[in-house]
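Visitor: Predicted model and sequence follow; I will ask about them next.
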Amino acid sequence: MTFGLANLANAAGSTLAQAGFPEPMSTPALAHYLFLSAVLFVIGMVGFVTRRNLIIMFLCTELMFQAAGLALIAFSRFHLHHTGQTFVIFVLTIAAAEAALALALVVLLFRKKDSLSGEEWREMQG
Amino acid sequence: MGSCPGVTASCGEHSGRVLEQLTHPFLLFLGLAFGGVGLCLALPRKRVNPQVIGAVLGGLGIGIVLLGLGLRNPEQLPNYNFYIFGIIAAGSALRVITHPRPVYAALYFILTILASCGLYLILSAEFMAFALVIVYAGAILITYLFVIMLATQAPSEDQLESLAEYDVESRSPVVAAVTGFVLLAALTTMFFKGSTTLEAPLAIHPDALLAQMPNKVTPEKVMRSLEREGTVEEGESFVALDPEAGTVTVLGLEGERVVAIPDDLGVKNVEAVGFDLLNEHPGSIEIAGVVLLMAMLGATVLSRKQVEFEEEAKLRQSRALSAEGGVFSDKEVRP
């Protein structure tokens, strides 16, 4: 059992960073980050489907954006290339635009029916 | 027992492979099943609501998967900070979708953002970590909180603690949790198997990008930084800069010698991201600006205009107008 402890001690002694920046990150370490990203995405997706409050539904889309950003940053670190981080800037842009429009819509819809329930608008289907 | 060492070694290798094939999908699917059941239990519902049990089961499930992932490659674990920030991120994300009160859900979402900022820092993306705090936790979430306060019914005097009906009951939690975790299982098996085929890139020198930034490393700047660091003496002169190797060649009294690039001239994360953004994607950043402008215009128009959706309201208004002879008169003002 020396491997785990030695590695942990090594990690504790080193800096915050996942190995020094120019050193490549191993694929198993990348898989950890991708798994966390997938977990966040699925939690956001399940939340979007199950919750009935419009505001929380849009909060869940932000959660999914967050998961995508984490995967992009992890791949950027893995490939030692900065384009992944640049794409997170664009993800942030889209998230901000989406939040502004969605929240304006929520305020508009709330004025109509005095309720934040998504099911109040079920006549809008098809 | 007359087993020769060679056979034992191959036997051990074989049994190890079998063990991996047996334990890996088993651990994975067991953990994900725990996670799905836990998420399903944690979602808000009306009658008995075992949220704590659900959260514990979900955490156990994710823990089992991470344990399996770690045991497969014990010498290549991620930084231990990953586990701290990852647990905070996943736990608060779970609380975002299970908390019945929208304000608390938004606050837990800020916690998720801060934990992901920690993960970004571990992954050496310092600029994006701070941009995330400023843009998400500072701007987007404040907008969410404002809208939650604007668009919530004022509670009546006798039931201040009451929740809206749509916040208490979630919609088909079982189907959603099963679908979500089937998706998660598919994704996880795919990249558990697929990530081993990914070729790890070769190590590069952190200052290799300097080759594309000639204005940042003029000979005068390099020599001034080297003198400030104390690595060169008076009278030595600049010969060449090799960003790939991270070295500077200087000509001194005893001939040429090679020193390291000074620290304050090295490429920082902000410089690298900015260089990549403006050098590789100059068109995209213009489009991003247009998208933001359009969203701002759209949001302003949407939230200003009082759109009449109901035909009845329009009819009522037109009837009222025609009954008064087509002239709108306000009796309060002009009696």
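Guide: Cool, got the structure.
Visitor: tell me the helices in chain A, going along the chain?
Guide: A:2-13, A:27-50, A:54-78, A:83-113 (DSSP state H).
Visitor: Taking their axis directions, the third one and helix A:83-113 sit at what angle?
Guide: Using axes from the mean of the first three to the mean of the last three Cα atoms, to 10 degrees, the inter-axis angle of helix A:54-78 relative to helix A:83-113 is 180 degrees.
Visitor: what packs against helix A:54-78?
Guide: Where contact means 3 or more Cβ pairs under 8 Å, 6 or more residues apart in numbering or on different chains; DSSP states H and E, helix A:54-78 is packed against helix A:27-50, helix A:83-113, helix B:80-98, helix B:102-122, helix B:126-132, helix B:141-150. C-beta: built from backbone N, CA, C; applies to glycine.
Visitor: how distant is that helix from the center of its chain?
Guide: In this view, helix A:54-78 has its centroid 2 Å away from the chain centroid, taken as Cα atoms, centre = their mean, to the nearest Å.
Visitor: one step back: mind checking which of the helices and strands packed on helix A:54-78 is nearest residue B:261?
Guide: Residue B:261 lies closest to helix B:126-132 among the helices and strands packed on helix A:54-78, at 19.8 Å (Cβ to Cβ).
Visitor: quick one: the closest one near chain A?
Guide: Yes - using Cβ under 8 Å from any Cβ of the partner chain, helix B:126-132 reaches chain A at B:127, B:128, B:131, B:132.
Visitor: Buried residues in that helix, which are they?
Guide: The neighbour-count check on helix B:126-132 (16 or more other Cβ atoms under 10 Å in any protein chain shown) flags B:126, B:127, B:128, B:129, B:131, B:132 as buried.
Visitor: Dump the helices and strands packed on helix A:54-78 into JSON lines; add mean pLDDT and distance to residue B:44 as well.
Guide: JSON lines is the format used below for those (pLDDT from 0 to 100; distance: least, Cβ to Cβ, whole Å):
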{"stretch": "helix A:27-50", "mean pLDDT": "91", "distance to residue B:44": "9"}
{"stretch": "helix A:83-113", "mean pLDDT": "90", "distance to residue B:44": "20"}
{"stretch": "helix B:80-98", "mean pLDDT": "91", "distance to residue B:44": "6"}
{"stretch": "helix B:102-122", "mean pLDDT": "93", "distance to residue B:44": "11"}
{"stretch": "helix B:126-132", "mean pLDDT": "92", "distance to residue B:44": "28"}
{"stretch": "helix B:141-150", "mean pLDDT": "89", "distance to residue B:44": "17"}
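Visitor: Single out the most deeply packed of the ones you listed.
Guide: The highest mean neighbour count among the helices and strands packed on helix A:54-78 belongs to helix A:27-50 (a mean of 24), with neighbours defined as mean count of other Cβ atoms under 10 Å in any protein chain shown.
Visitor: elements contacting that one?
Guide: helix A:54-78, helix B:5-42, helix B:51-72, helix B:80-98, helix B:102-122, helix B:173-194.
Visitor: Of those, which is nearest residue A:40?
Guide: Nearest to residue A:40, of the helices and strands packed on helix A:27-50 and by Cβ to Cβ, is helix A:54-78 at 3.8 Å.
Visitor: what pLDDT, on average, does the closest one get?
Guide: For helix A:54-78, mean pLDDT is 93.
Visitor: Count the neighbours of residue B:172 for me.
Guide: The number of residues packed near residue B:172 is 12, by other Cβ atoms under 10 Å in any protein chain shown.
Visitor: so who does the residue lying closest to it once chain neighbours are set aside touch?
Guide: Spatial nearest neighbour of residue B:172, chain neighbours left out: residue A:50 (6.7 Å); criterion: Cβ to Cβ, 6 or more residues apart in numbering or on different chains. Counting by Cβ atoms under 8 Å, 6 or more residues apart in numbering or on different chains, residue A:50 touches B:43, B:97, B:170, B:171, B:172, B:173, B:176, B:177.
Visitor: Whichever of the residues you listed end up buried, select them in ChimeraX.
Guide: Buried members of the contacts of residue A:50, defined by 16+ other Cβ under 10 Å, are picked up in ChimeraX with:
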select /B:43,97,170,173,176,177
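Visitor: Out of the contacts of residue A:50, flag the one nearest to chain A.
Guide: Distance to chain A, by Cβ to the nearest Cβ, is smallest for residue B:97 among the contacts of residue A:50, at 3.1 Å.
Visitor: For the helices and strands packed on helix A:54-78, give me CSV that also has distance to residue B:291.
Guide: Compiled in CSV, the helices and strands packed on helix A:54-78 are given as follows (distance: least, Cβ to Cβ, whole Å):
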stretch, distance to residue B:291
helix A:27-50, 22
helix A:83-113, 5
helix B:80-98, 26
helix B:102-122, 21
helix B:126-132, 17
helix B:141-150, 17
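Visitor: Which among the ones you listed is found nearest to residue B:320?
Guide: Residue B:320 lies closest, by Cβ to Cβ, to one member of those: helix A:83-113, at 20.4 Å.
Visitor: Can you check what angle separates that closest one from helix B:141-150?
Guide: Using the same axes, to 10 degrees: helix A:83-113 against helix B:141-150 is 10 degrees.
Visitor: and helix A:83-113 with chain B, contact?
Guide: Yes - judged by Cβ under 8 Å from any Cβ, helix A:83-113 comes into contact with chain B at A:83, A:85-86, A:88-90, A:92-101, A:103-108, A:110-112.
Visitor: Against which helices or strands is that helix packed?
Guide: Helix A:83-113 sits against helix A:54-78, helix B:126-132, helix B:141-150, helix B:269-280, helix B:282-304, with contacts defined as 3+ Cβ pairs under 8 Å, 6+ apart.
Visitor: among those helices, which is the most enclosed?
Guide: In terms of average neighbour count - mean count of other Cβ under 10 Å - the standout among the helices and strands packed on helix A:83-113 is helix A:54-78, at a mean of 23.
Visitor: what's the neighbour count on the nearest residue to residue B:41 once chain neighbours are set aside?
Guide: Take residue B:41 and drop its neighbours on the chain: the residue closest to it by Cβ to Cβ, 6+ apart is residue B:54, 3.0 Å away. Using other Cβ under 10 Å, the number of residues around residue B:54 comes to 21.
Visitor: same thing with residue B:253?
Guide: Residue B:253 has 7 nearby residues by other Cβ under 10 Å.
Visitor: backbone phi and psi for the residue lying closest to it once chain neighbours are set aside, please?
Guide: Spatial nearest neighbour of residue B:253, excluding adjacent residues (Cβ to Cβ, 6+ apart): residue B:235 at 6.6 Å. In terms of degrees, to the nearest 10, the main-chain angles of residue B:235 are phi 100, psi -10.
Visitor: Might one say that residue B:235 is in contact with residue B:252?
Guide: Yes - assessed by Cβ atoms under 8 Å, residue B:235 is found in contact with residue B:252 at 7.3 Å.
Visitor: Just want to know which of those two has more residues nearby.
Guide: residue B:252 (13 against 8).
Visitor: Verify the stated contact: that one with residue B:239.
Guide: No - using Cβ under 8 Å, residue B:252 is not in contact with residue B:239; the gap is 9.9 Å.
Visitor: thinking again about what came up before, mind checking which of the helices and strands packed on helix A:27-50 is nearest residue A:121?
Guide: helix A:54-78 (8.7 Å).
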